[in-house]
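1. Here is a sequence together with a model predicted from it:
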Amino acid sequence: MSGPSPAVSLYLLNGAILLTHEIDSAYWKEWDLFGSGGGIQSFLAVNFLMALAILVGLHQLTQGKRAGHVFALVMAASGIFAFSVHAYFLSRGRPEFALPASKIVLGATLILSPAQAYQAYRGLTR
């Protein structure tokens, strides 16, 4: 019996890291950082949809469906975007996400997301 494929393993790890980042985002009140309004209520609604999309994508990927690789590619792009935006804010001296644990989560996103994008691309081109 073999373990999960590299694509599934990266999906699980990156999904867990991105969800952990969203928990951290609630701590930092990310909606204020972006001035998005709606407060925690909108934040929770958006995060429910994101968690649902991650789970649907995982299901698609484990079923060997092409859509799973598309979900993986979108998740990888989201991770790279999240890292980039928060790195920008940190470079501007913003205190949000400056704790060591926050930086570790963002750094893990930067490592996992390109690897996941590569695996997703390979899955789409097979």
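-> Arrived safely.
2. for this protein, where's the lowest mean pLDDT among helices and strands?
-> Within the chain, judged by mean pLDDT, DSSP states H and E, the helix or strand with the poorest mean is helix 30-34; its value is a mean of 93.
3. Need the residues that contact it.
-> Here helix 30-34 makes contact (CB atoms under 8 Å, 6 or more residues apart in numbering) with G37, G38, G39, I40, S42, F43, F89, R94, E96. Placement of C-beta: from N, CA and C, glycine included.
4. Equivalent analysis for stretch 5-22, please.
-> Against stretch 5-22 from outside (CB under 8 Å, 6+ apart): 3-4, 47, 50-51, 54, 57-58, 61-62, 68-69, 72, 75-76, 78-79, 82, 105-106, 108-109, 112-113, 115-116, 119-120, 122-123.
5. In contact with T62, which residues are there?
-> Contacts of T62 by CB under 8 Å, 6+ apart are P4, V8, G68.
6. ok, and the most crowded of these?
-> G68 (23 neighbours; other CB atoms under 10 Å).
7. just checking, what packs against whichever strand or helix holds it?
-> Per DSSP states H and E: G68 is located in helix 66-91. Secondary-structure packing of helix 66-91 (3 or more CB pairs under 8 Å, 6 or more residues apart in numbering; DSSP states H and E): helix 6-27, helix 39-62, helix 100-125.
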